[in-house]
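Undergrad: sequence first, predicted coordinates after that:
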Amino acid sequence: MAIILGDNQYGKAESRIVRIVRDGPRHEIRDLNVTTALRGPFEQAYLTGDQSNVLPTDTQKNTAYAFAKSKGVDSIEEYGLELARHFVGDVDPVTGARIEIEEFAWERAVVDGSEHDHTWLRKGQDVRTAAVTVDATGEYVVGGLKDLVLLKSTGSEFAGFLKDDFTTLPETHDRVMATALDAKWRFSSVDVDWNDVYPRIKALMVREFATLQSLALQQTLWHMGTAVMEEFPDIVEVRLKAPNKHHFDFDLGRFGVENAGEVFWAADRAYGLIEATLLRDDAPPANDAWRFSAGLA
Ligand SMILES: O=c1[nH]c(=O)c2[nH]c(=O)[nH]c2[nH]1
């Protein structure tokens, strides 16, 4: 019996990079969490401790900061592509680079009725994400968002489900539906107007969540994904993950008080977890586009 080294990669996880453009009185801010990972002939670092092929994770971190200055951060997708191309193209042993980025949004503070030049408020809790892979097979961009918290107070049903001896859930034709959406979409091209596309995808998913008379969260996810893929031919795959944040009617009947869908117990766990992948049947191969690192998704 021999033990072999399997899949491996290494890099610097979660460099917090804040890029401020301050060319004039009105500043711009981009607030990022950047993870880099390199793939290539790094077996000897594990097997014998030979570091000769190893570009330190510290250097990877420094490069991410340096590129934030030299290349700027117009979009996280483009910035990720620049970094990945550099590692693969300019650092000899590297054959593949994986860059994962989260972006935290800020909105300008409004002071005395006008937008302030250099003060912002953190915007929402949802996070824009990008995962870029460059290797010998090509360049891949997976855009996304996570923690988009949505709730609708009607327009959601769950009935007609399979029942067995353990089923206690009542059927409903009017319930609260809430989730914290995690969505990822794979592009078939890197020639994309990233900052134009992102808000349109988010708006489409919110529209579907709001307007569909939902028979299940599963159906809602299908509609969100298909709406995005119908609008954007370059998006060939969508992966959705949605916790069903249950809102149970609180039993006020015990106190002789009527509760017609007005007071809920918002349970934080256990929660349903609904996941789906939507894929065009002629999608080009994903190769390592979905191979995540460092627990960031
Ligand atoms: O939208 C839902 N899908 C389910 O699969 C499910 N299961 C459940 O108990 N409630 C719900 N709601």
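TA: Here it is on my side, so go on.
Undergrad: so for stretch 55-75, what's the average pLDDT?
TA: The average pLDDT within stretch 55-75 is 98.
Undergrad: for residue 117, see how far away residue 83 is.
TA: Residue 83 sits 29 Å away from residue 117, taking Cβ to Cβ, to the nearest Å as the criterion. Quick note: C-beta positions are derived from backbone N, CA and C, even for glycine.
Undergrad: how about the strands in this protein?
TA: Along the chain, counting by DSSP state E, strands occupy 15-21, 28-39, 96-104, 106-111, 114-122, 127-135, 138-152, 177-187, 235-244, 247-249, 264-266, 272-279.
Undergrad: just put these in JSON lines and tack on distance to the ligand.
TA: Output for those, formatted as JSON lines (distance: least, Cβ to the nearest ligand atom, whole Å):
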{"stretch": "strand 15-21", "distance to the ligand": "36"}
{"stretch": "strand 28-39", "distance to the ligand": "31"}
{"stretch": "strand 96-104", "distance to the ligand": "28"}
{"stretch": "strand 106-111", "distance to the ligand": "32"}
{"stretch": "strand 114-122", "distance to the ligand": "31"}
{"stretch": "strand 127-135", "distance to the ligand": "24"}
{"stretch": "strand 138-152", "distance to the ligand": "12"}
{"stretch": "strand 177-187", "distance to the ligand": "7"}
{"stretch": "strand 235-244", "distance to the ligand": "5"}
{"stretch": "strand 247-249", "distance to the ligand": "11"}
{"stretch": "strand 264-266", "distance to the ligand": "15"}
{"stretch": "strand 272-279", "distance to the ligand": "5"}
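Undergrad: same list (those) but as TSV, adding mean pLDDT and mean neighbour count.
TA: Below are these laid out as TSV (pLDDT from 0 to 100; neighbours: other Cβ atoms under 10 Å):
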stretch	mean pLDDT	mean neighbour count
strand 15-21	98	14
strand 28-39	98	22
strand 96-104	98	24
strand 106-111	98	13
strand 114-122	98	12
strand 127-135	98	24
strand 138-152	98	19
strand 177-187	98	22
strand 235-244	98	22
strand 247-249	96	16
strand 264-266	97	13
strand 272-279	98	14
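Undergrad: nearest to residue 71 among those strands would be which one?
TA: Residue 71 lies closest to strand 15-21 among the strands of the chain, at 10.0 Å (Cβ to Cβ).
Undergrad: between strand 106-111 and the closest one, find me the angle.
TA: 50 degrees (axes from the mean of the first three to the mean of the last three Cα atoms, to 10 degrees).
Undergrad: show me the contact partners of strand 15-21.
TA: With Cβ atoms under 8 Å, 6 or more residues apart in numbering as the test, strand 15-21 has contacts from 27-36, 61, 64-65, 68-69, 72-73.
Undergrad: ok, stretch 197-217 next?
TA: With contact meaning Cβ under 8 Å, 6+ apart, stretch 197-217 is reached by 75, 126, 128, 143, 145, 148, 150, 152, 155-159, 177, 179, 181, 183, 185, 219-220, 223-224, 227-228, 231-232, 235, 242, 244, 272, 274.
Undergrad: okay, buried residues for it please.
TA: 197, 198, 201, 202, 204, 205, 208, 209, 212, 214, 216, 217 (16 or more other Cβ atoms under 10 Å).
Undergrad: what about the ligand: which of the residues you listed touch it?
TA: 216, 217 (Cβ under 6 Å from any ligand atom).
Undergrad: now intersect the buried residues of stretch 197-217 with the helices, please.
TA: 197, 198, 201, 202, 204, 205, 208, 209, 217 (DSSP state H).
Undergrad: so how far is residue 32 from the second one?
TA: Here the criterion is Cβ to Cβ. By it, residue 198 lies 14 Å from residue 32.
Undergrad: so who does the residue nearest to residue 40 when sequence neighbours are not counted touch?
TA: Spatial nearest neighbour of residue 40, chain neighbours left out: residue 95 (4.2 Å); criterion: Cβ to Cβ, 6 or more residues apart in numbering. Applying Cβ under 8 Å, 6+ apart, we find residue 95 in contact with 39, 40, 41, 88, 135, 136.
Undergrad: who does the closest residue to residue 186 other than its chain neighbours form a beta bridge with?
TA: Spatial nearest neighbour of residue 186, chain neighbours left out: residue 237 (4.1 Å); criterion: Cβ to Cβ, 6+ apart. Following DSSP bridges, residue 237 is listed with bridge partners residue 186, residue 279.
Undergrad: same check, this time on residue 98
TA: residue 37, residue 133.
Undergrad: and it, how far from residue 114?
TA: Where residue 114 is concerned, residue 98 sits at a distance of 42 Å (Cβ to Cβ).
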